[in-house]
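Visitor: Mind folding the following:
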Amino acid sequence: GIGKTTLIVKVVEKLRATHPNLKVQGFYTKEVRKEGERVGFEVIAFNGGRKEMLASINSPGYLENFRLPMVGRYKVNVPGFEALALPELEPLEDTQLFVIDEVGKMELFSPKFFPAVEALLQRRNAVILGSVP
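Guide: Numbers count the residues shown, from 1 in each chain. Alright, predicted model coming up:
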């Protein structure tokens, strides 16, 4: 890429440095590398740092019997993505910023993701920082 995730992470870090009580919900994606080669992507929650594989050249063992959607050579872990991302898009009362990195091909394999993003966009007073490739 062109640094969308790096920019989003740095913006959130700066905001938290100047506003230590800032309540952030959302997630960002990060490349997973093994021996210098990109082997997948993980999705990481801003709230607590929980991680889940978004996509990998290898299926997680518990998903071996399922046909996973693919983007290029990466198998997209839709159940894992939904388990992490969807709760992060459910507004809590004191949330001040929602971060969505990104609304892309892999994420859109989730039939529940885009409606959750749309609901957030329609929410009055929701402040959203996101990326769309």
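Visitor: Wait, a helix at E118?
Guide: Yes - checked against DSSP: H, G, I helix; E, B strand; the rest coil, E118 lies within a helix.
Visitor: what's around it, how many residues?
Guide: 10 (other Cβ atoms under 10 Å). Glycine gets a C-beta too; all of them are placed from N, C-alpha and C.
Visitor: where's it relative to V103, distance?
Guide: 10 Å (Cβ to Cβ, to the nearest Å).
Visitor: Residues contacting the longest strand along the chain from elsewhere in the structure, which ones?
Guide: The single longest strand within the chain, with elements called by DSSP state E, is strand 24-34. With Cβ atoms under 8 Å, 6 or more residues apart in numbering as the contact definition, strand 24-34 has outside contacts at 5, 8-9, 12, 15-16, 38-47, 53-54, 56, 84-85, 88-92, 95-102, 129.
Visitor: So which of these belong to helices?
Guide: In this view, those that belong to helices under DSSP state H are T5, I8, V9, V12, L15, R16, L84, A85, E88.
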